[in-house]
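[1] Provided below are the primary sequence and the corresponding predicted coordinates.
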Amino acid sequence: FNLRLIDDYVNKINSSNVDVVEIGFRFFNKKSTLGDFAFSKEDFIKKLKFKKKIKLAIMINANELLKTKNYKFFFIKQKFSKIKIIRIASHINELKKINNHIIFLKGLGYKVVVNIMQISQLDIKKIFKIINEINYIDLLEALYLADSMGSLKPNMIGKIYYEINRKISTPLGIHAHNNK
């Protein structure tokens with residue numbers, strides 16, 4: 001994105017009632033064809049002129065987090081960062097594996113949200129089983145169910161949401177797509 005577009009975007013957000021903005025990813029492996037918002041490095045984020053009241057968030061893919069041995073070097077203590085929230089997008093089979101990563105990020109002072117991706121492809125019993133087995137659920141600001149394929153019907157979203165919400169006290173959200 002060019003600087004003018006970025007400034008226009010930031011100014012529109014600053015004049016709105018938006019309180020949280022997910023500004024991009026934090027990829028760990030530099031790919032030269034991707035822009036600044038794919039890496040959301042601290043020096044770049046500091047240049048963005050968002051009002052202090054707006055909480056900035058970034059997204060991390062769990063699979064990249066799990067395969068990057070030196071991931072800790074990509075984060076500073078939250079009190080020195082404009083980033084407040086980190087959203088981890090995770091497939092169901094990665095949920096149990098990211099426990100130490102969440103504890104590390106929480107220890108730095110970040111609020112952490114986890115997205116369970118491709119929720120429409122999963123059996124509800126398997127979802128419950130995994131949710132009951134992960135021991136960091138109470139550390140999360142929220143757990144999001146991501147309809148990555150855009151194929152869930154409203155009644156199915158309601159059923160899944162209702163059943164999971166009965167079993168956990170962590171706030172529950174939905175991340176929907178419309179892929180049709």
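    That came through fine. Numbers count the residues shown, from 1 in each chain.
[2] Give the bridge partners for the residue nearest to residue 61 when sequence neighbours are not counted, please.
    Closest residue to residue 61 apart from its sequence neighbours, by Cβ to Cβ, 6 or more residues apart in numbering: residue 89 at 5.3 Å. Just so you know, the C-beta spots here come from the backbone N, C-alpha and C atoms, and that holds for glycine as well. For residue 89, the beta-bridge partners are residue 61, residue 115 (DSSP bridges).
[3] neighbours of residue 70, just the number please.
    The tally of other residues near residue 70 (other Cβ atoms under 10 Å) stands at 7.
[4] Okay, it and residue 37: tell me how far apart.
    22 Å (Cβ to Cβ, to the nearest Å).
[5] before we move on, what about residue 108?
    On the measure of Cβ to Cβ, residue 108 and residue 37 end up 21 Å apart.
[6] Just the pLDDT for residue 179.
    Looking at residue 179, its pLDDT reads 64.
[7] Secondary structure element for residue 112, which one?
    If you go by DSSP states H and E, residue 112 is part of strand 111-116.
[8] wait, doesn't the residue nearest to residue 61 sit right on residue 115?
    Yes. When contacts are counted by Cβ atoms under 8 Å, residue 89 is listed as touching residue 115 (4.5 Å).
[9] which residues do the two both contact?
    residue 146 (Cβ atoms under 8 Å, 6 or more residues apart in numbering).
[10] quick one on the thing from earlier: which is the next helix or strand following the strand holding residue 112?
    helix 124-133.
[11] angle of that next one against strand 111-116?
    150 degrees (axes from the mean of the first three to the mean of the last three Cα atoms, to 10 degrees).
[12] Show me which positions of helix 124-133 end up buried.
    127, 128, 130, 131 (16 or more other Cβ atoms under 10 Å).
[13] For that helix, which outside residues touch it?
    92, 95-96, 116, 119, 137, 143, 159-160, 163-164, 167-168.
[14] Mind jotting down where the helices sit in the protein?
    3-14, 42-47, 62-67, 99-107, 124-133, 154-167 (DSSP state H).
[15] Tell me which of these approaches residue 80 most closely.
    helix 42-47 (7.9 Å; Cβ to Cβ).
[16] quick revisit: so for the strand holding residue 112, what gets flagged as buried?
    Neighbour-count burial for strand 111-116 [16+ other Cβ under 10 Å]: 111, 112, 113, 114, 115, 116.
[17] And the lowest mean pLDDT element among the helices and strands of the chain?
    helix 124-133 (a mean of 80; mean pLDDT, DSSP states H and E).
[18] Give me the angle between that helix and helix 154-167.
    Going by the same axes, to 10 degrees, helix 124-133 makes 30 degrees with helix 154-167.
[19] What is the distance between helix 124-133 and the centre of its chain?
    When C-alpha coordinates are averaged (Cα atoms, centre = their mean, to the nearest Å), helix 124-133 and its chain have centres 20 Å apart.
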